[in-house]
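> output the structure for:
(one chain, ligands or ions: 1)
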Amino acid sequence: MASKTFFCVDAHTCGNPVRVVAGGGPILIGADMSQKRQHFLKEYDWIRKGLMFEPRGHDMMSGSIFYPPSNPENDFGILFIETSGCLPMCGHGTIGAITIGIEEGLITPKIPGKVRMETPAGLVQITYQQTNKKVDWVKLTNVKSFLAATDLTIVCTGLGELIFDVAYGGNYYAIIDPQKNFKGLQDYSAGQLIQFSQEIRTKINLKYSDAFIHPENNTIRDISHVMWTGDTISPEATARNAVFYGDKAIDRSPCGTGTSARMAQWFTKGKLKLGDTFIHESYIGSQFIGRIEEEALLNGEKAIIPSIQGWAKVYGYNTIKIDDDDPYAHGFQV
Ligand code: PYC
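Below you'll find the predicted structure:
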């Protein structure tokens, strides 16, 4: 019988979980994190399943593993492991991983307060503020984000025809804004939004098959996340969202890649300008501060470079064993 032990540090970013595997992660081969991600998916996906799914994880669980950088100018590389697979980029995961990495001494940036992090989606630059041993906040400058399509349609059982936009912020998002058949996320429970999302994500990826492939990295494709929008809770928030990911999760944080995608949508539609602050509120009311840092071009098309600022809290150490004789060694989903 074989047993493998993983030393994990657990935290949450604005309410959404982050589990950093500080020891026990596999050695990966590849010239960059995108290639290392492919290696992980081929050989080691059981680690993700064992650590993210029940009984060791749960529907919202999300984590990461640190790797040496491919380019010595950068501080480290990161592999995101989630219930949904290995996301190319994860915003709440980055805020949590940096907080854990700095507070627990797992990463030592060349320049204190600044981190250059390699992700499968590209280089992400980060600043953070630390007081004594605690990280107060983390701000990441995300990958180029863009509006990919507008006014597409899909039929959702129970709602009827929905009009939606698609935007990229490190993952592809279907964004459903309030409209005739959907008055806003405030009218629905998380369970209802999950049920709608499961149905329409599958239908969208069938109807618009091969329509959403990243222009610079064809391993990043298809709608992985569904964002429902609606009324804010707090008067200082610019907007609110409920992001569906994995099979049954609604992000408890305002979702970093989702906030980036939504800022790209607003920017292209003329609702947000360079330098504007965008306070994005989550389903539970926690907030990220978004900002459009730069205008950019991607494949000749309009894009933005957004930043996202948020906080995370470390809450525990978790030594997790995966034994071959455990029938649920690789987790399960119900
Ligand atoms: O913050 O980018 C994010 C994210 C993706 C999935 C859950 N959170």
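> and the nearest residue to I176 once chain neighbours are set aside, how many neighbours does it have?
Spatially, and ignoring its direct neighbours in sequence, I176 is nearest to F164 (4.8 Å; CB to CB, 6 or more residues apart in numbering). Just so you know, the C-beta spots here come from the backbone N, C-alpha and C atoms, and that holds for glycine as well. By the measure other CB atoms under 10 Å, the count of residues near F164 is 24.
> which residue ranges of the stretch 101-250 of the chain form strands?
Ranges of strands in the stretch 101-250 of the chain, per DSSP state E, counting those that start in this stretch, are 114-119, 122-131, 134-141, 146-156, 160-168, 172-176, 213-214, 217-221, 223-230, 239-245, 249-250.
> need the ones you listed in TSV with mean pLDDT, can you?
Below are the strands of the stretch 101-250 of the chain laid out as TSV (pLDDT from 0 to 100):
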stretch	mean pLDDT
strand 114-119	98
strand 122-131	96
strand 134-141	98
strand 146-156	98
strand 160-168	98
strand 172-176	98
strand 213-214	96
strand 217-221	92
strand 223-230	98
strand 239-245	98
strand 249-250	97
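> out of those strands, which comes closest to the ligand?
The ligand lies closest, by CB to the nearest ligand atom, to one member of these: strand 239-245, at 4.3 Å.
> who are the packing partners of that closest one?
Counting contacts by 3 or more CB pairs under 8 Å, 6 or more residues apart in numbering; DSSP states H and E, strand 239-245 is packed against helix 190-207, strand 223-230, strand 249-250, helix 256-268, strand 277-281.
> ranking the ones you listed by burial, who's on top?
Among these, the stretch with the highest mean neighbour count (mean count of other CB atoms under 10 Å) is helix 256-268, at a mean of 29.
> do that helix and the ligand meet at all?
Yes. Under the criterion of CB under 6 Å from any ligand atom, the ligand is reached by helix 256-268 at G256, T257.
> sorry, back to before: out of the helices and strands packed on strand 239-245, flag the one nearest G101.
With CB to CB as the criterion, G101 lies closest to helix 256-268 of the helices and strands packed on strand 239-245, at 16.1 Å.
> returning to that earlier point: quickly list what the residue nearest to I176 is bridged to.
Beta-bridge pairing for F164 (DSSP bridges): L152.
> separation between it and T229?
In this view, F164 and T229 are 10 Å apart by CB to CB, to the nearest Å.
> with L123 instead?
If you go by CB to CB, the gap between L123 and T229 works out to 29 Å.
> what do F164 and T229 both touch?
I175, I176, D177 (CB atoms under 8 Å, 6 or more residues apart in numbering).
> ok, the last one touching T229?
Yes. With contacts counted by CB atoms under 8 Å, D177 reaches T229, the gap being 5.1 Å.
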